[in-house]
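> Task: produce atomic coordinates for the following.
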Amino acid sequence: MEPDFILRAIALGVGATLVMDLWALFLKVCFKIPSLNYAMVGRWIGHFPKGQFAHANIGQAEPVAGETLLGWTAHYAIGICFAAVLLWGWGLEWAASPTLLPALIVGVLTVVAPFFLMQPGMGAGVAASKTPQPNTARLRSLLAHTSFGVGLYLTGMILSVF
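Below you'll find the predicted structure:
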């Protein structure tokens, strides 16, 4: 893998994830909608080395040392990996001249990860089916991942001048 690909993936992933986090902050401040607690993501991942990948309720699972840092680090690392998928699919040519549609496609498709891996593993069921308001949770996930796609595009536009 060439260095330009790696550097672009890192920059795109960090920028897009930051946009996603700013979206979550906007929802929290303006509408009192809580965002994902990344400590719980860290707790979930922290149990992987013990061979435990699924929990009935991650909030009741044994805490893991450094779970908040682990969760936030994983959040940004996953964003970088998804940015690499965009570059792999559309090439560095996309990075030179970004367009919105590929970024939105990748952003929206990333919702597969929480729907079928994270939410079931943390006890919320497939696509949040075990939550009190599954459709609301699904819509929030879809909007969050769409904001990631918008972030890929915006970050790509900024980076394209360099």
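> Tell me where the protein has helices.
Listed in chain order, the helices found in the chain under DSSP state H are 3-31, 38-46, 67-96, 100-109, 112-113, 119-122, 134-159.
> export those to a markdown table and tack on distance to residue 52?
For glycine as for every other residue, the C-beta is placed from the backbone atoms N, C-alpha and C. Putting these into a markdown table (distance: least, C-beta to C-beta, whole Å) gives the following:
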| stretch | distance to residue 52 |
| --- | --- |
| helix 3-31 | 26 |
| helix 38-46 | 9 |
| helix 67-96 | 14 |
| helix 100-109 | 28 |
| helix 112-113 | 19 |
| helix 119-122 | 9 |
| helix 134-159 | 23 |
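> Which one of those lies nearest to residue 61?
Among the helices of the chain, the nearest to residue 61 by C-beta to C-beta is helix 38-46 (5.8 Å).
> still on that earlier bit, now the helices of the chain in CSV, with distance to residue 61 and mean pLDDT?
Below are those laid out as CSV (distance: least, C-beta to C-beta, whole Å; pLDDT from 0 to 100):
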stretch, distance to residue 61, mean pLDDT
helix 3-31, 23, 98
helix 38-46, 6, 98
helix 67-96, 10, 98
helix 100-109, 29, 98
helix 112-113, 20, 98
helix 119-122, 9, 98
helix 134-159, 19, 98
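> and of those, who's closest to residue 53?
Taking C-beta to C-beta as the criterion, residue 53 comes closest to helix 119-122 out of the helices of the chain, the separation being 5.7 Å.
> Counting by contacts, list what that closest one packs against.
Packing partners of helix 119-122 (3 or more C-beta pairs under 8 Å, 6 or more residues apart in numbering; DSSP states H and E): helix 38-46.
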